[in-house]
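*Asks:* Output the structure for:
(one chain, ligands or ions: 3)
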Amino acid sequence: MFGTSPQGDGSKLPMQGIPQPSREEVLKLPRVHISTHPVMAHKMTLLRNKNTPPPQFYQLVKEIGALLAYEATETLSLEKSIIETPLQSMTGYRLAGGIGVTPVLRAGLGLAEGFRQVIPDVQVWHLGLRRDEETLQATEYYNRLPHQVDLQVVYAVDPMLATGGSAIDAINILKRRGIPRLSYLGIIAAPYGLMRLAQAHPDIDIYVAELDEALNDNGYIVPGLGDAGDRQFGTF
Ligand SMILES: O=P(O)(O)OC[C@H]1O[C@H](OP(=O)(O)OP(=O)(O)O)[C@H](O)[C@@H]1O
Ligand SMILES: O=c1cc[nH]c(=O)[nH]1
Ligand SMILES: [Mg+2]
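*Replies:* Ligands and ions are numbered 1, 2, ... in the order given. Prediction:
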């Protein structure tokens, strides 16, 4: 029911009259993870505040990206690593296989920076998608994904999961690169976009900081935070 994308016909607002699932419905989805950490809730309130200026907003996106990265990497595989401490040898662990992060431009850039503060040696694969604000359809305008893939997992990172169109496209593009495991990492999801992403890609894990109420008729998440790209980069 929620698998179709909105289609602006010019005569009405793009989400007008389109049924949306409730928060309760999407909370039942099996691979959806919504943060319950109090530090996240604190930072989210600062982020959403319309009086938070771009430099502080960008800093918060990075901090939230680091917290999300920590939560979303809890199931990564490890391999044994024998080292010498100053006192003796011991068997420790290191992450098995490489990790990739795909920031969906522009708004995903701050999240990717936060991710890199947790795991500095990730590969960063940039992907540019732009949502048409009248039809809500995303188009690809930049793609620097390498052809050689030797990673255990790639995280597509983008703060806003609204209709889900951009996230579905990003995962489709990454799947065509043959990556064995993919996850999506975002800040705020609308139930509509979360349901569509989970239905289109039931094989990925989806991590978000918070789940909001709905999309408004224009396709913006409410209560939301406005335009995550503009608020990071000061382009109002
Ligand atoms: O779920 P959707 O309905 O597809 O909407 C979400 C997309 O919209 C925003 O990007 P935008 O197109 O505004 O680009 P920007 O990052 O350059 O601001 C956001 O960062 C997502 O990529
Ligand atoms: O609420 C929204 C929806 C799409 N993109 C944003 O930046 N914010
Ligand atoms: Mg934007």
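*Asks:* Tell me if stretch 95-115 is near ligand 1.
*Replies:* Yes. Using C-beta under 6 Å from any ligand atom, stretch 95-115 comes into contact with ligand 1 via Val104, Leu105, Arg106, Ala107. All C-beta spots, glycine's among them, are computed from the backbone N, C-alpha and C.
*Asks:* Among those residues, which one has the most neighbours?
*Replies:* Ranked by the number of neighbours (other C-beta atoms under 10 Å), the residues of stretch 95-115 next to ligand 1 place Val104 first, at 28 neighbours.
*Asks:* That residue contacts Ile171, correct?
*Replies:* No. With contacts counted by C-beta atoms under 8 Å, Val104 stays clear of Ile171, the gap being 10.2 Å.
*Asks:* which residues do these two both contact?
*Replies:* Both Val104 and Ile171 are in contact with Ala156, where contact means C-beta atoms under 8 Å, 6 or more residues apart in numbering.
*Asks:* where along this structure do the strands fall?
*Replies:* For the chain, the strands defined by DSSP state E occupy 32-34, 78-84, 89-95, 98-105, 123-124, 127-131, 138-143, 151-157, 160-161, 182-189, 205-211, 214-215, 221-222.
*Asks:* In CSV: those strands, plus mean pLDDT.
*Replies:* Shown next, in CSV, are the strands of the chain (pLDDT from 0 to 100):
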stretch, mean pLDDT
strand 32-34, 98
strand 78-84, 98
strand 89-95, 97
strand 98-105, 97
strand 123-124, 96
strand 127-131, 98
strand 138-143, 98
strand 151-157, 96
strand 160-161, 98
strand 182-189, 98
strand 205-211, 98
strand 214-215, 98
strand 221-222, 98
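*Asks:* Out of those strands, which is the most enclosed?
*Replies:* Counting by mean count of other C-beta atoms under 10 Å, strand 160-161 has the highest mean neighbour count of these, with a mean of 28.
*Asks:* That one near ligand 3 at all?
*Replies:* No. Interface with ligand 3: strand 160-161 contributes nothing (C-beta under 5 Å from the ion), its closest point being 7.7 Å away.
*Asks:* Help me see whether that strand makes contact with ligand 1, please.
*Replies:* Yes. Applying C-beta under 6 Å from any ligand atom, one finds strand 160-161 touching ligand 1 at Met160, Leu161.
*Asks:* if I look at the residue with the largest distance to the centre of the chain, how far off is ligand 1?
*Replies:* Among residues of the chain, the one most distant from the C-alpha centroid is Leu87; the distance is 42.4 Å, by C-alpha atoms, centre = their mean. From Leu87 across to ligand 1, the span is 49 Å (C-beta to the nearest ligand atom, to the nearest Å).
*Asks:* Could you export the strands of the chain as TSV, including distance to Pro6?
*Replies:* What follows is these, written out as TSV (distance: least, C-beta to C-beta, whole Å):
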stretch	distance to Pro6
strand 32-34	21
strand 78-84	42
strand 89-95	39
strand 98-105	19
strand 123-124	31
strand 127-131	11
strand 138-143	12
strand 151-157	21
strand 160-161	14
strand 182-189	16
strand 205-211	20
strand 214-215	9
strand 221-222	14
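*Asks:* Tabulate those (a markdown table), appending distance to ligand 2.
*Replies:* Shown next, in a markdown table, are those (distance: least, C-beta to the nearest ligand atom, whole Å):
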| stretch | distance to ligand 2 |
| --- | --- |
| strand 32-34 | 17 |
| strand 78-84 | 35 |
| strand 89-95 | 31 |
| strand 98-105 | 11 |
| strand 123-124 | 21 |
| strand 127-131 | 6 |
| strand 138-143 | 10 |
| strand 151-157 | 14 |
| strand 160-161 | 4 |
| strand 182-189 | 7 |
| strand 205-211 | 12 |
| strand 214-215 | 8 |
| strand 221-222 | 4 |
